[in-house]
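# Got a predicted model here, sequence first, then my questions.
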Amino acid sequence: MENVVYFIGTITLSYLVGSFPSGLIIGKLYGLDVRMKGSGRTGATNILRTLGWKAALVVTSLDLLKSSLVILAYGYFLDPIWQSLASAGILLGHSWSAFAGLKGGRGVVPAVGIAIVVSPLSAIIGVSIGIVIIAITRYVSLGSLIGTVTACSIVLAGTVLVSQPAPYGILAIYVGSWIVFTHKDNIGRLINGEERKLGKVAE
């Protein structure tokens, strides 16, 4: 019974924290509802395209903090199983925010925040590769996907080869699958050559 309470509490709390709509709030401060512009997402990429790099930097920082601090707290007080559950809740909340009409971002920045706590090395490598891909192709979505898959593969390999906690391996599969799922429309546009490149202002 105690575990059931922990489970419900963890998912609920992390979902609500993940739901914090930093992009929507910053957009409102600029007098704009970002859900009505560009991709309609409240994540950092749409903020960059609609409001510029300064606003995007603030949103990125807030989204990193909301995920990393929660996972850090769960790791301090509990164990990897609960960290993994909290991570699932955060990504759900970020993409389907209770405070933004069930809209949100694609989850890449919160996923980086999770990785920073769970596996800093995977975060560094994944982000670095993502940045290189974006710099070469100018496709944020492609860099995000490749960087995420790389980071998740490192975490998954660590659970098999280096005896990292098994829940982290499950978490890696979940996070990788979630990011691919939230980018399914981007993947379609990439295949069709219709994806918007970095630097193109949202309409």
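Sure thing, it's come through. Quick caveat, the model's predicted, so the values are computed rather than measured.
# where does Val162 land on pLDDT?
We have a pLDDT of 81 for Val162.
# ok, now the one 4 residues further on?
As predicted, Ala166 sits at a pLDDT of 91.
# can you tell me which residues contact it?
The contact partners of Ala166, taken as Cβ atoms under 8 Å, 6 or more residues apart in numbering, are 80, 159. (Glycine included, C-beta is placed from N, CA and C.)
# at 10 Å instead, please
The contact partners of Ala166, by Cβ atoms under 10 Å, 6 or more residues apart in numbering, come to 80-81, 84, 159-160.
# And it, how far from Thr42?
When distance is defined by Cβ to Cβ, to the nearest Å, Ala166 is 33 Å away from Thr42.
# Ok, Leu171 next?
According to Cβ to Cβ, Leu171 stands 24 Å off from Thr42.
# residues in contact with Cys152?
Counting by Cβ under 10 Å, 6+ apart, Cys152 has contacts 111, 115, 119, 122, 126, 169, 171-180.
# Just the buried ones from the residues you listed?
Neighbour counting with 16 or more other Cβ atoms under 10 Å marks 111, 115, 119, 122, 126, 169, 171-172, 174-176, 178-179 as buried within the contacts of Cys152.
# Just the ones of the residues you listed in helices?
Taking DSSP state H, the ones among those that sit in helices are 111, 115, 122, 126, 169, 171-172, 174-176, 178-179.
# Please compute how far stretch 66-80 lies from its chain's middle.
Its chain's C-alpha centre and that of stretch 66-80 lie 16 Å apart, by Cα atoms, centre = their mean, to the nearest Å.
# List the buried residues in it.
Quick answer for stretch 66-80 (16+ other Cβ under 10 Å): 66-68, 70-72, 74, 80.
# Helices of this protein, start to end?
So, for the chain - with DSSP H - the helices run 2-18, 22-29, 44-51, 53-77, 80-95, 108-118, 120-137, 140-161, 166-182, 184-192.
# Where among these is average confidence lowest?
helix 2-18 (a mean of 89).
# What is it packed up against?
Helix 2-18 sits against helix 53-77, helix 80-95, with contacts defined as 3 or more Cβ pairs under 10 Å, 6 or more residues apart in numbering; DSSP states H and E.
# Tell me what angle the longest one forms with helix 108-118.
This means helix 53-77. 40 degrees (axes from the mean of the first three to the mean of the last three Cα atoms, to 10 degrees).
# Do I have it right that Thr159 meets Ser153?
No - counting by Cβ atoms under 10 Å, Thr159 does not reach Ser153; the two are 11.0 Å apart.
# intersection of neighbour lists for these two?
Here Thr159 and Ser153 have Ala172 as joint contacts, going by Cβ under 10 Å, 6+ apart.
# Compare these two (neighbour count), which wins?
Neighbour totals were compared for Thr159 and Ser153, and Thr159 leads with 20 against 15 (other Cβ atoms under 10 Å).
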